[in-house]
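Colleague: Sequence and computational prediction follow.
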Amino acid sequence: MQLIIKDLKKHYNKKETFALDHVNLHIDQGEFISILGLSGSGKSTFIRCLNRLIDPTEGEIYFEGQEITKLRGEALRLYRRNLAMIFQHYNLIPRMKVLTNVLVGRFGYLSPLQILLKQFPKEDVEKANEALQKVGLLSFAERPIKTLSGGQQQRVGIARALIQQPKIILGDEPVSSLDPVTAKEIMLLLKEINENRKITMMINLHSVELAKTFSTRIIGLNNGSIVFDGPPSALDEVEINRIYR
Ligand SMILES: Nc1ncnc2c1ncn2[C@@H]1O[C@H](COP(=O)(O)OP(=O)(O)OP(=O)(O)O)[C@@H](O)[C@H]1O
C-alpha cells in the first residue's frame, strides 16, 4: 500500500466546521484517482495535506509505511520529492524560459547555492529536455513562458512534475482553466504517464465526465467527508447527487 490515510481531520479555525472530517483511505501505487466535490468540499485541503502544504489537525498519513504528518526539515524535504503537484494556474515563472521552468522540478535535489546560481547539473538539463519531449514541447525550450497558451503551460507544469521523478502527482484542478478539448488532451497525457510510469495520480476535478473517462477510482467529498469511493462504473445519478447536494 502506497498511502494509508487514517482519520484525517482539518479545521482552519477552532470555531468552524471541519474542512476534512474523518477521511480514511488506502491507496495503491498506480491508481488514477479523481476527486470530485462542490466548491468548498475540501478537495484542495485534502491533497495539500498529503504533501504537507497544509498541516492536518488530526489523523495520520503513512507513505510507504512511514508516518509523515510530523516530519520536519530534511526529512520533510526528502518526503516531498515523492509528490509533485500541478496547479489550475500552472504556477510557472512567466518571465523565464520554458526549460528553466521545467528545471524547477529538480530544486528538491539541489543545494541552496546551486538553486541561487541556477547551476543545474548536465544530467538535469538532459532530463528536462526529455520531459519536454514527452509533453510535446521540445521545440519550445527557449521560449518565455508568457508566449505559451494555457494548454502548453500546463504541459510545462507536467514536464516540471515529471523531472522531479515523483511517485505521486497531485493535481489541484489542473484542467479547470482550459477549454474542453485541451482539457481532454491534458487528461490523456496524465493517463499515459500514469500507465507507462506507474505514477499514482490524485486529481481534483470539476467535471464528472472527465473523472469517469480517465480514472480507475473516483472519490467524492461532501463537506469534508467521503461520500463516494469506487470505480467510475459505480458513479450513477444517485451517487452524483450525494456528492453534489
Ligand atoms: N486558508 C484557509 N483558512 C480558512 N478556511 C479555509 C482555508 N482554506 C480553505 N478553507 C475552508 O475549508 C473548506 C474547504 O476548502 P477547499 O479549498 O479545500 O475546498 P475545495 O473543494 O478545494 O474548493 P474549490 O473547488 O472551490 O477549490 C472551505 O469551507 C474553505 O472555506
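Modeller: Yep, that arrived. Residues are numbered from 1 along each chain as shown.

Colleague: Distance-wise, check residue 62 relative to residue 5.
Modeller: As judged by Cβ to Cβ, to the nearest Å, residue 62 and residue 5 stand 8 Å apart. The way it works is simple: take the backbone N, C-alpha and C, and place the C-beta from them, glycine included.

Colleague: Neighbour count for these two, which is higher?
Modeller: residue 5 (22 against 16; other Cβ atoms under 10 Å).

Colleague: Pull the contacting residues for the most centrally placed residue in the chain.
Modeller: Nearest to the mean C-alpha position of the chain, by Cα atoms, centre = their mean, lies residue 170 at 1.3 Å. Going by Cβ atoms under 8 Å, 6 or more residues apart in numbering, residue 170 touches 47, 50-51, 83-86, 202-203.

Colleague: Now name the helix or strand holding the nearest residue to residue 106 once chain neighbours are set aside.
Modeller: Nearest non-adjacent residue to residue 106, counting by Cβ to Cβ, 6 or more residues apart in numbering: residue 124, 4.7 Å away. Using DSSP states H and E, residue 124 sits in helix 122-134.

Colleague: Now do the buried residues in stretch 83-97.
Modeller: By neighbour count, and taking 16 or more other Cβ atoms under 10 Å as the criterion, the buried residues in stretch 83-97 are 83-88, 90, 92, 97.

Colleague: Is it in proximity to the ligand?
Modeller: No - using Cβ under 6 Å from any ligand atom, stretch 83-97 never reaches the ligand; the gap is at least 8.2 Å.

Colleague: Any chance you could list what contacts that stretch?
Modeller: With contact meaning Cβ under 8 Å, 6+ apart, stretch 83-97 is reached by 47, 50-51, 53, 100-101, 104-105, 141-146, 150, 153-154, 156-158, 160-162, 164, 166-174, 176-177.
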